[in-house]
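Undergrad: return atomic coordinates for the entry below.
(2 chains)
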Amino acid sequence: KAGVTQTPRYLIKTRGQQVTLSCSPISGHRSVSWYQQTPGQGLQFLFEYFSETQRNKGNFPGRFSGRQFSNSRSEMNVSTLELGDSALYLCASSLIGGSLREQYFGPGTRLTVT
Amino acid sequence: GESVGLHLPTLSVQEGDNSIINCAYSNSASDYFIWYKQESGKGPQFIIDIRSNMDKRQGQRVTVLLNKTVKHLSLQIAATQPGDSAVYFCAENPPSNDYKLSFGAGTTVTVRA
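TA: Presented below is the predicted three-dimensional model:
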């Protein structure tokens, strides 16, 4: 069974631009969660989608948004990029969500904002 | 706010020795706790978890200890191998299944040959 895939793996953007990251969950998984990981802050929860609906949201500004498609694939968008948005963005999928132990993480997208 | 944190950012261990990685948490109502391993260029990988009603759980070469009195969690790796070199961090699962979590930055374990 294929794991969680994320594209692109690496991305370099300029301040003020926007970016869209993609996540394909494990086949059959309907919950997708997004996290931001930085050396100083560690892993921080962004949001979770289930059946195309945002079910949970972390404490990030409105510049961070996401969506989920009917095939459970998910995208997250960051608008008006700031230098502090440079991070590894991870997505994780699970069958129905609601339990950390059942989440499988993808390899992440490394975003660098210059 | 509630947070989970690790005590030391780095740990250097001789191959074959045992490793102990610590974590302090603040939400005493959490259902269970998880340890993750993250190798360079990869996403976090589940290692082991422990329910809040347990104080010890063993896996293959790993043991997790939970001390609820002082809100402390530790991961012990027996006979550390080069493949154990990674970042390790803990997480807690709140009882409300609320995903508003904050993980610690992690402990980087380096195994010396």
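Undergrad: count of residues packed around the closest residue to chain B within chain A?
TA: Chain A approaches chain B most closely through A:F105 (3.3 Å), counting by Cβ to the nearest Cβ. Yep, even glycine has a C-beta here, placed from its N, CA and C like the rest. Using other Cβ atoms under 10 Å in any protein chain shown, A:F105 has 23 neighbouring residues.
Undergrad: you'd agree it is up against B:Q45?
TA: Yes. At 7.1 Å, A:F105 and B:Q45 qualify as touching, with contact defined as Cβ atoms under 8 Å.
Undergrad: neighbours around A:L46, how many?
TA: A:L46, neighbours per other Cβ under 10 Å, totals 22.
Undergrad: typo on my end, it should be A:F64
TA: The burial count for A:F64: 18, using other Cβ under 10 Å.
Undergrad: give the contact list for the residue nearest the centre of chain A.
TA: By Cα atoms, centre = their mean, chain A has its centre lying nearest to A:W34, at 3.2 Å. By Cβ atoms under 8 Å, 6 or more residues apart in numbering or on different chains, A:W34 lies in contact with A:23, A:45-48, A:66, A:74, A:76, A:89-91.
Undergrad: near chain B, from those?
TA: Among those, the residues that sit close to chain B (Cβ under 8 Å from any Cβ of the partner chain) are A:45, A:48, A:90.
Undergrad: got these as a markdown table, with secondary structure columns?
TA: Shown next, in a markdown table, are the ones next to chain B among the contacts of A:W34 (DSSP: H, G, I helix; E, B strand; the rest coil):
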| residue | secondary structure |
| --- | --- |
| A:F45 | strand |
| A:E48 | strand |
| A:L90 | strand |
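Undergrad: lowest pLDDT pick from these?
TA: Across those, the bottom pLDDT score, 90, is held by A:F45.
Undergrad: leaving out chain neighbours, which residue sits closest to it?
TA: Once flanking residues are discounted, A:F45 sits nearest to A:G58: 4.0 Å by Cβ to Cβ, 6 or more residues apart in numbering or on different chains.
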